[in-house]
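Peer 1: structure here, sequence nowhere to be found:
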């Protein structure tokens, strides 16, 4: 009895996964943009703030 329950559960999960892929086919193919980095110190830049190495003040 327990084997039947587990089997039906796994089959149900496979069917749901197939419907999910049909509905949203391009979800896994979205390319992310590369993060911006400072040319001098190679720090990551966020929100278009100037880099502290170039004399820019950091907002806190």
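Peer 2: Yep, it's here. Small disclaimer: the values here were computed from a predicted structure and weren't measured.
Peer 1: let me see the mean pLDDT of whichever strand or helix holds residue 13.
Peer 2: Assigned by DSSP states H and E, residue 13 belongs to helix 2-23. Helix 2-23 shows a mean pLDDT of 90 in the predicted model.
Peer 1: any idea how far it is from the middle of the chain?
Peer 2: 25 Å (Cα atoms, centre = their mean, to the nearest Å).
Peer 1: give the buried residues for it.
Peer 2: Buried residues in helix 2-23, counted by 16 or more other Cβ atoms under 10 Å: none are found. In short, each C-beta sits where N, CA and C put it, glycine included.
Peer 1: show me what that helix is packed up against.
Peer 2: Packing partners of helix 2-23 (3 or more Cβ pairs under 8 Å, 6 or more residues apart in numbering; DSSP states H and E): none among the helices and strands.
Peer 1: number the residues from 162 up from this point.
Peer 2: All set: I'll call the first residue 162, so the last point we hit is now helix 163-184.
Peer 1: would you mind giving the secondary structure of the residue sitting nearest the centre point of the chain?
Peer 2: The geometric centre of the chain, computed from its C-alpha atoms, lies nearest to residue 193 (Cα atoms, centre = their mean), at 8.0 Å. Following DSSP: H, G, I helix; E, B strand; the rest coil, residue 193 is assigned to coil.
Peer 1: tell me the confidence at it?
Peer 2: Residue 193 is assigned a predicted lDDT (pLDDT) of 71.
Peer 1: contacts only, for it.
Peer 2: For residue 193, the contact set (Cβ atoms under 8 Å, 6 or more residues apart in numbering) is empty.
Peer 1: same check on the one 10 residues further on?
Peer 2: By Cβ under 8 Å, 6+ apart, the contact list for residue 203 is empty.
Peer 1: and it, what are its phi and psi?
Peer 2: phi 70, psi 20 (degrees, to the nearest 10).
Peer 1: how far away is it from residue 163?
Peer 2: According to Cβ to Cβ, to the nearest Å, residue 203 stands 57 Å off from residue 163.
Peer 1: cool, and residue 206?
Peer 2: In terms of Cβ to Cβ, residue 206 sits 56 Å off from residue 163.
Peer 1: residue 202 too?
Peer 2: For residue 202, the distance to residue 163 - Cβ to Cβ - is 60 Å.
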